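Q: Take this sequence and fold it.
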Amino acid sequence: MIAITTFAGGTSFLGALIARKRNFSEQQILFFTAFGAGILMAAAIFEMVIEAETSLGITFTTLAFLAGAIIFTLADIIAEKKGGGAGILLGIGLDSIPESLAMGASIAAAGPALALAILIGIQNVPEGIASYREMMTGKTAFNNNPRKALTAIGVVSIIPIFLGLVGLYYMQGMDDVIAVILALSAGGIFYMLYYDMIPKAHKERKWLPTFGAVLGFIIGFAIVRTIGG
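A: Take a look at the predicted model:
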């Protein structure tokens, strides 16, 4: 399980390393962002909401989902007020929290943790690419300093590992709590998708990012059905 959480967290750093070595075009960055959004949408629907509903029922799952969206809305407002490098870093960390919580909860429930970790790991690669690009442009604390940007992304990559271990060692048998975390996480992910990732990916209204989102969702669904059962 430690290997699973390490994989899921480490791929964002891998994406940052790739972005440092290769100068991707704006269209390619938008495609990667949309692809990651499609992956996350599949994970939230098929691995989180449906899983939570089996334990909580439709009413409590809906309430927890809404609460997750509200919590991450407030957190995102704080990140925006920070601005600059601190705001970018806080925003990246917030992006990692809901999916990492869901993975840790899934591990504790002996659920489809492998499928969820693969989805998160795949999604974190384009997220790392886009985050590195954002850190290296504009007036931020990371501007033109690859070492600072890579270090920051590497630190944030520890979040999935830590939360996965919390789920593994401290949440065994807490089925209702785990279900609530899954629903909260799904709400937070949907907030991020529609507030940040999807608008950013489609800001130029090109067909390529749209196809990237479709491709990401299809691949995510296929992984859930073949590995997660």
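Q: Which SSE is immediately downstream of the worst-scoring helix or strand of the chain on mean pLDDT?
A: Every helix and strand of the chain was ranked by mean pLDDT, DSSP states H and E. The lowest is helix 84-108, at a mean of 63. The C-terminal neighbour of helix 84-108 among helices and strands, as given by DSSP states H and E, is helix 113-135.
Q: can you pull the buried residues of that following helix?
A: Within helix 113-135, the residues scored as buried using 16 or more other Cβ atoms under 10 Å are 113-135. (Glycine included, C-beta is placed from N, CA and C.)
Q: so what does the helix or strand just after it touch, helix or strand wise?
A: Next helix or strand after helix 113-135 toward the C-terminus (DSSP H and E): helix 146-156. Secondary-structure packing of helix 146-156 (3 or more Cβ pairs under 8 Å, 6 or more residues apart in numbering; DSSP states H and E): helix 2-21, helix 84-108, helix 113-135.
Q: go with 6 Å
A: Counting contacts by 3 or more Cβ pairs under 6 Å, 6 or more residues apart in numbering; DSSP states H and E, helix 146-156 packs against helix 2-21, helix 84-108.
Q: any weak-confidence spans in this structure?
A: Scanning the chain for pLDDT under 70 picks out 1-2, 79, 82-96, 98-99, 105-113, 138-144, 203-205, 228-229.
Q: try 80
A: 1-10, 76, 78-114, 134-145, 156, 159-173, 196-209, 228-229 (pLDDT under 80).
Q: any idea which helix is longest in it?
A: helix 50-82 (DSSP state H).
Q: relative to helix 113-135, how tilted is that helix?
A: Counting by axes from the mean of the first three to the mean of the last three Cα atoms, to 10 degrees, helix 50-82 points 20 degrees away from the direction of helix 113-135.
Q: In helix 50-82, which residues are buried?
A: By 16+ other Cβ under 10 Å, the buried positions in helix 50-82 come out as 51-53, 55-56, 60-62, 64-65, 68-69, 71-72, 75-76, 79.
Q: Which elements pack onto it?
A: Using 3+ Cβ pairs under 6 Å, 6+ apart: helix 50-82 touches helix 84-108, helix 175-192.
Q: Pull out the buried positions in the next helix or strand after the shortest one.
A: Sequence-wise, the next helix or strand downstream of helix 175-192 (DSSP H and E) is helix 198-201. Using 16+ other Cβ under 10 Å as the test for burial, helix 198-201 gives 198, 200, 201.
Q: Residue 227: neighbour count?
A: By other Cβ atoms under 10 Å, 14 other residues sit near residue 227.
Q: SS state for residue 46?
A: Secondary structure, DSSP: H, G, I helix; E, B strand; the rest coil: residue 46 is helix.
Q: hang on, isn't it packed against residue 224?
A: Yes: counting by Cβ atoms under 6 Å, residue 224 is a contact partner of residue 46 at 4.4 Å.
Q: picking that back up, of the buried residues of helix 198-201, closest to residue 35?
A: residue 201 (8.5 Å; Cβ to Cβ).
Q: ok, that closest one to residue 20 distance?
A: Applying Cβ to Cβ, to the nearest Å, the value for residue 201 to residue 20 is 21 Å.
Q: now residue 218
A: Taking Cβ to Cβ, one finds residue 218 at 29 Å from residue 20.
Q: Of the two, which one has the most company?
A: Each of residue 218 and residue 20 has its neighbours counted (other Cβ under 10 Å); residue 20 has more, 16 against 13.
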